[in-house]
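Enquirer: generate coordinates for the sequence data below:
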Amino acid sequence: MALVLERTHPDDLPVVRDLLVKAHADRRDFRHEHRLLMPNGDVKHVRVVARCDFVSKNSPQFVGAVMDITAQKEAYAKLEKSEQRYRYLFDRMPIALWQLNASNLVAQFKQLRSEGVMDLDAYFDENPAFLRSCMEAMIFEEANERGVQMFGGRGADEFKGKSVVGTFEESSATFRRAMVSRYRGNTNFEEETKMVTLDGRIVDVLFTTARVGLSKDPDTSLVGVLDISARVEA
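Expert: Numbers count the residues shown, from 1 in each chain. Purely as a prediction, here's the structure:
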């Protein structure tokens, strides 16, 4: 522990020293994460876990381990930076973007596969009600500012928790083709279609979707919608 304290990063030293003093006074186990400043100037992140062990009533000692968690910290920092970049792009892109939770749809598709269903298009023909079930299984999680404006909303909360049923009221055929594409394992789908806004308008759009989760049956879908009404009118 003395070596750890000796190499503790100067900015973390007061906290670590106070922790050790308190643990010794209270005679209790402790765990803590902090930085070490190595002789060559490198900085490492470590996790210290120690158990209070009594050699005698008046001389508690600590037995523990020091684990290097630098790689874990760096990986987390990269993930956090990637998430921030995604968040910035999602919020600022000049097209309507939605993030959809498809976990219920994934479960339904897995059930179909377990039953030996290979052709979803043919299954829709035999079970027309399943198309609406798929719509109900796709739930809005987030909408960016452009998505809220384009679809006549007052805020992203108007989308959260709702299914896409109303949105695809005028374009069930497009939704069906998107589901067939997904069932086949395609990661992207794109089509010009019509969509219904929250305030009842029907707009001509270029609809695109990408599965951004796991490569097979991801639980998350990202949808992009570009208003092409002016082009269609022209």
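Enquirer: please work out how many residues are found near residue 143.
Expert: By other C-beta atoms under 10 Å, 25 other residues sit near residue 143. Bear in mind the C-beta positions are built from the backbone N, C-alpha and C, glycine included.
Enquirer: phi, psi of it?
Expert: Per-residue torsions, residue 143: phi -140, psi 140 (degrees, to the nearest 10).
Enquirer: again, but for residue 201
Expert: Backbone geometry at residue 201, expressed as degrees, to the nearest 10, gives phi -80, psi 150.
Enquirer: what do you get for residue 161?
Expert: phi 80, psi -10.
Enquirer: give me the pLDDT value at it.
Expert: On pLDDT, residue 161 comes in at 93.
Enquirer: so who does it touch?
Expert: By C-beta atoms under 8 Å, 6 or more residues apart in numbering, the contact set of residue 161 is 139-140.
Enquirer: and for residue 180?
Expert: Shown in contact with residue 180 (C-beta under 8 Å, 6+ apart): 120-121, 124.
Enquirer: is residue 67 in contact with residue 45, as I believe?
Expert: No. Residue 67 is not in contact with residue 45 according to C-beta atoms under 8 Å; the separation is 9.6 Å.
Enquirer: could you pull out the strands for the protein?
Expert: Applying DSSP state E to the chain gives strands spanning 30-37, 43-54, 60-68, 96-101, 139-143, 188-196, 202-211, 220-227.
Enquirer: can you say which of those is nearest to residue 78?
Expert: For those, the distance to residue 78 is smallest for strand 43-54, at 13.9 Å, taking C-beta to C-beta.
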